[in-house]
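A.B. asks: sequence and predicted model, in that order:
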Amino acid sequence: VNDGNTGSQGSGGSKSATYGVVVKIAPAVAPNDATSTLTSGTVTSPVTLATTKATLADAVNVLDFKITDIASAADTVSTKVSQVGVSVSGTGDASQLVWVLKGADLPSDGVTGVYDATTKRITFSSLPIDVASGTNDTYTISAYYKPTAVVKDGQTFILSLPIPGMTADKSGSTFDANQPAVANTVTVGVTATKLVFATNKTMTTNSTVISGQQFASTPVINAVDDLGNIDKDFTGTITLADTGDGAVSALGGLSIAAVNGVASFTGVSYLANTDKESFTLKGSTTGLTDAQSASLIADIKATKLVFA
């Protein structure tokens, strides 16, 4: 308040004064709005994630999304996102995979998500995402298997990123709540590279079989990838043979088609030439590495006495 003191003495002895008032006006603050959008990118569903993808360098893009900040005359602030939460359903166990988020403002090797088995949610936290007003940026989630991953061919991971999964800073623009979730489906893909014998009582090292009699346990051969996962799409013909001096036979045949990546040979027996003969079994098919069993022993059992 400025007292100019320009008043004068009136005839009645009164005194008047004129005061000047200075008003300071704060600069205008641009308001924010809730019009930012979340839309799907170019990754289409379903995505096959081969079990051979086991490093960051081999990671496969499984879901991408675009954040668009809608500018207006009244809104010039950016959209800032600090956390992304993706819901997971399906038949697979998401903890067996590593999930990585990449895109603008993020480190070159991305941000690794944390999976919570209770909430079935992958969370990417402490994100510095900042989409400038009137622009858009696309972010991609990729995945690869952990070294100890246990999965099965055909298992699925259904990913869903709803608007509530996007944590936006309220000091900037926020998301329009009336938008569908961005979603995609990931399928475990096993491609066989070799054949292996399934372990059972008969097929362990130095197990004894009776020459000419059916094995106590049926020999089973699986078509698997390098991690030992069964390729359930494999239906090729697998042939059983032996490496001994005797001869192997099977009531169901020595060449059969695999069912869901598995060939079970029924009524298998081995006729030895000599007692205590050591031999192995071999499984083969076109394009895959042969299966080799453990070393087995054929015991010839006497059924009668004869004169030498």
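C.D. replies: Structure received. It should be emphasised that the depicted structure is a prediction, and the values quoted were computed from it without experimental measurement. Numbers count the residues shown, from 1 in each chain.

A.B. asks: and residue 282, how far from residue 63?
C.D. replies: The spacing between residue 282 and residue 63, counted by C-beta to C-beta, to the nearest Å, is 44 Å. The C-beta positions use only the backbone N, C-alpha and C, and glycine is treated the same way.

A.B. asks: these two: which has the busier surroundings?
C.D. replies: residue 63 (26 against 17; other C-beta atoms under 10 Å).

A.B. asks: partners of the helix or strand where the more buried one lies in the sheet?
C.D. replies: Take DSSP states H and E as the rule and residue 63 turns out to sit in strand 60-68. Strand 60-68 has the following sheet partners, assigned by DSSP bridges: strand 37-40 (antiparallel), strand 136-145 (antiparallel).

A.B. asks: of the ones you listed, flag the one that's most buried.
C.D. replies: With neighbours defined by mean count of other C-beta atoms under 10 Å, none of the strands paired with strand 60-68 is more surrounded on average than strand 136-145, at a mean of 22.

A.B. asks: measure residue 40 to residue 181 for me?
C.D. replies: Relative to residue 181, and taking C-beta to C-beta, residue 40 is found at 10 Å.

A.B. asks: ok, now residue 108?
C.D. replies: For residue 108, the distance to residue 181 equals 28 Å [C-beta to C-beta].

A.B. asks: with residue 75 instead?
C.D. replies: Here the criterion is C-beta to C-beta. By it, residue 75 lies 25 Å from residue 181.

A.B. asks: what sits against the nearest residue to residue 37 once chain neighbours are set aside?
C.D. replies: Sequence neighbours aside, residue 68 is the residue nearest to residue 37 in space, at 4.6 Å (criterion: C-beta to C-beta, 6 or more residues apart in numbering). With contacts defined as C-beta atoms under 8 Å, 6 or more residues apart in numbering, the neighbours of residue 68 are 36-37, 39, 131, 135-136.

A.B. asks: report the contact partners of residue 82.
C.D. replies: Contacts for residue 82 (C-beta under 8 Å, 6+ apart) come out as 125-129, 167-169.

A.B. asks: pretty sure residue 294 contacts residue 203?
C.D. replies: Yes: checked against C-beta atoms under 8 Å, the pair residue 294 and residue 203 is within contact range at 6.0 Å.

A.B. asks: more neighbours: those two, which one.
C.D. replies: Of the pair residue 294 and residue 203, residue 203 is the one with more neighbours under other C-beta under 10 Å, namely 19 against 14.

A.B. asks: does the more buried one lie in a helix or a strand, and which?
C.D. replies: For residue 203, there is no host helix or strand (DSSP H and E).

A.B. asks: measure it to residue 215 for me?
C.D. replies: Computed as C-beta to C-beta, the residue 203 to residue 215 distance reads 9 Å.

A.B. asks: next: residue 122.
C.D. replies: The span separating residue 122 from residue 215 equals 47 Å under the rule C-beta to C-beta.
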